[in-house]
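Asker: sequence first, predicted coordinates after that:
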Amino acid sequence: MPLARAWSVALFGIDGVPVEIEADIGGGRPRTQIVGLPDTSLNEAKERVRAAVRNSQRNWPDELVTLALSPAALPKGGSSYDVALACAVLVAAGAEPAERLDNTVLMGELALDGRIRTVRGVLPGLLAAKKASLRRAIVPIQTLPEAALVSDLEVLGAEHLTDVLAWLRGEYDLPRKPTEHRCASPPEIADLADVVGQPEARWALEVAAAGGHHLLLTGPPGTGKTMLAQRLPGLLPNLTNEQALEVTAIHSIAGLLSPESPLVATPPFIAPHHTCSVPALVGGGVGLAKPGAISAAHHGVLLLDEACEFAPDRLEALRTALEEGEIRLARRDGVARYPARFQLVLATNPCPCAPPREFDCTCSPHAKRRYMTRLSGPLLDRVDLRVRMRPITALSRTDVAAPESTAEVRARVVRARARAVERWKKHGWLTNAQAPGPILRREFGLPRQATALLDRGLDIGAVTARGADRCLRVSWTLADLAEVDCPTADHVAAALEFRDRRVA
């Protein structure tokens, strides 16, 4: 009974699992069946693959064709298995040799005429293949630049199924991945010097960039809340190689990569509209969940502009991700885990009518409270810095002193982050925001006189235990910006002032 084997990859979140595809021919009436928990799109591959093989001048076996995908208990879906299915069937039928198919993972969707179309998730798929000791991969030729990001793996590109079959026979050399990869062109970041006035908000933005802290900007319309938030990515340092691969893998699954220069080397900036759904924000979908906006913003900035216009269930869905740095989504076919360690920036008006001048407000106190309570206490407790924006005056518009540029502020941010990396290097953390409370209280505990005001806030209930830990993180960031070795009482007081002015 003819039998052949090929390899492909199943993705669960950003984790890949090698899938062994076995093809068996004979033993029943002519038909094709796929076993191993395929979803609808994978079950439809039978018709796509048969047509692609026939239009590539090959004969489809006129017998029972059984395709088994192992691990059998693992749900599988998508169209990336097409090329592997076609090669396994033709090798089992004796139409092609089997030698080159061993230890080779194949990814790609087949058109009916045999063209190989691109698929999502090539980078995480190849990383999983490399981890499983597979030595070679064949991917759609358009994804070769993305495949170039994986080292120590022979990667080939193909445009048509006939190219792959000629390669199996040793009659054709498939194009190899480029020796160098190009980074995606960074988005143009507007300069911080464009923002008029707002010294407190500019300082809060610098602190947020230096420590990786979340930020809330509240104020009348037209005061520069969105402008400031859009300039935060320009203050952040470039991603490390490990971070860039993580972000690129997520964007690959989400279909956000540029084919020519796929590597994402700069912090991403994601700003979903307030009408977005919960799945669009945190991830979701039928079968196995896909990444959402918070995962696309991993190691970058997530801006929720007009935050109080977001439905409460959207905002509350962010809580776990803000605390843990990842989102776990349980769906019918399993649990997908996506990283989501982003900096959250909330920008909102203080009331529904939002007049340019506060004394023109027509909202009742109850309406104002109801509007702001859309940002719940548990959510705000996870936001380290809260700033009230000033209305723009004629004096601030004609300020003689030129505002600092992005380059000047970024230089201070980079120095502060370097101090934080040195402090936390034995733990593997890169920012103060990642340091857990127990470490801050024990190993890096501050003198009693430095935390006296914070202790008072805890005593009167103005600060929660979580809020106190976040104040300590901000105080370390302020010390890093001041280039001192340890936060002082002034730094702790300033950190507390960022959270709640009533405590002081």
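Answerer: Looks like it arrived, so ask away.
Asker: mind listing what's buried along stretch 223-237?
Answerer: Buried residues in stretch 223-237, counted by 16 or more other CB atoms under 10 Å: 223-236. For every residue, glycine as well, the C-beta is placed using N, CA and C.
Asker: stretch 157-174 too?
Answerer: 157-168, 174.
Asker: so which of those are in strands?
Answerer: Of the buried residues of stretch 157-174, the ones assigned to strands by DSSP state E are Gly157, Ala158.
Asker: ok, of the buried residues of stretch 157-174, which one's closest to Leu375?
Answerer: Nearest to Leu375 among the buried residues of stretch 157-174: Gly157, at 48.6 Å, using CB to CB.
Asker: mind saving the C-alpha coords of stretch 324-341 as PDB?
Answerer: Taking C-alpha atoms only, stretch 324-341 is exported to PDB below (Å, rounded to 0.1, in the frame of the first residue of the first chain):
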ATOM      1  CA  GLU A 324       0.400  40.100  33.100                       C
ATOM      2  CA  GLY A 325       1.700  41.300  29.700                       C
ATOM      3  CA  GLU A 326      -0.100  38.600  27.700                       C
ATOM      4  CA  ILE A 327      -3.600  37.600  26.800                       C
ATOM      5  CA  ARG A 328      -5.000  34.100  26.800                       C
ATOM      6  CA  LEU A 329      -8.000  33.500  24.600                       C
ATOM      7  CA  ALA A 330     -10.000  30.300  25.000                       C
ATOM      8  CA  ARG A 331     -12.000  29.200  21.900                       C
ATOM      9  CA  ARG A 332     -13.500  26.100  20.500                       C
ATOM     10  CA  ASP A 333     -10.300  24.700  19.200                       C
ATOM     11  CA  GLY A 334      -8.100  25.500  22.100                       C
ATOM     12  CA  VAL A 335      -6.400  28.300  24.100                       C
ATOM     13  CA  ALA A 336      -4.200  30.800  22.200                       C
ATOM     14  CA  ARG A 337      -1.600  32.800  24.000                       C
ATOM     15  CA  TYR A 338      -0.400  36.100  22.600                       C
ATOM     16  CA  PRO A 339       2.100  38.500  24.200                       C
ATOM     17  CA  ALA A 340       0.600  41.900  25.000                       C
ATOM     18  CA  ARG A 341       3.200  44.000  26.900                       C
END
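Asker: may I see the buried residues of that stretch?
Answerer: Glu326, Ile327, Leu329, Arg331, Asp333, Ala336, Tyr338, Pro339, Ala340, Arg341.
Asker: re earlier: save the buried residues of stretch 157-174 as JSON lines, and put in distance to Ser277 and pLDDT too.
Answerer: Output for the buried residues of stretch 157-174, formatted as JSON lines (distance: CB to CB, whole Å; pLDDT from 0 to 100):
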{"residue": "Gly157", "distance to Ser277": "36", "pLDDT": "95"}
{"residue": "Ala158", "distance to Ser277": "37", "pLDDT": "96"}
{"residue": "Glu159", "distance to Ser277": "37", "pLDDT": "96"}
{"residue": "His160", "distance to Ser277": "39", "pLDDT": "97"}
{"residue": "Leu161", "distance to Ser277": "38", "pLDDT": "97"}
{"residue": "Thr162", "distance to Ser277": "43", "pLDDT": "97"}
{"residue": "Asp163", "distance to Ser277": "41", "pLDDT": "97"}
{"residue": "Val164", "distance to Ser277": "39", "pLDDT": "97"}
{"residue": "Leu165", "distance to Ser277": "43", "pLDDT": "97"}
{"residue": "Ala166", "distance to Ser277": "46", "pLDDT": "97"}
{"residue": "Trp167", "distance to Ser277": "44", "pLDDT": "97"}
{"residue": "Leu168", "distance to Ser277": "45", "pLDDT": "96"}
{"residue": "Leu174", "distance to Ser277": "41", "pLDDT": "94"}
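Asker: which among the buried residues of stretch 157-174 gets closest to Trp429?
Answerer: Checking those against Trp429 by CB to CB gives Gly157 as the nearest, at 38.6 Å.
Asker: since we're on the closest residue to that closest one other than its chain neighbours, how many residues are nearby?
Answerer: Closest residue to Gly157 apart from its sequence neighbours, by CB to CB, 6 or more residues apart in numbering: Ile141 at 3.5 Å. Using other CB atoms under 10 Å, Ile141 has 19 other residues around it.
Asker: go on, the one 5 residues further on?
Answerer: Counted by other CB under 10 Å, the residues lying close to Glu146 total 29.
Asker: thought it was touching Ser252?
Answerer: Yes - with contact defined as CB atoms under 8 Å, Glu146 counts as touching Ser252 (6.4 Å).
Asker: okay, and the common contacts of those two?
Answerer: Counting by CB atoms under 8 Å, 6 or more residues apart in numbering, the common neighbours of Glu146 and Ser252 are Val122, Leu123, Pro262.
Asker: and those, which of them are in helices?
Answerer: Applying DSSP state H to the shared contacts of Glu146 and Ser252, the entries found in helices are Val122, Leu123.
Asker: and the next element down the chain from the helix or strand bottoming out on mean pLDDT in the chain?
Answerer: The least trusted helix or strand in the chain, going by mean pLDDT, DSSP states H and E, turns out to be helix 394-397, with a mean of 55. As assigned by DSSP states H and E, the chain's next helix or strand after helix 394-397 is helix 406-424.
Asker: let me know the pLDDT of Ile253.
Answerer: You'll see Ile253 listed with a pLDDT of 93.
Asker: numbering from 2 from now on, please.
Answerer: Okay, residue one is now 2; in that scheme the one you just asked about reads as Ile254.
Asker: nearest residue to it other than its sequence neighbours?
Answerer: Gly122 (4.7 Å).
Asker: which SSE is immediately downstream of the helix or strand hosting Ile35?
Answerer: Assigned by DSSP H and E, Ile35 falls within strand 32-36. Where DSSP H and E defines the elements, the next helix or strand beyond strand 32-36 is helix 41-44.
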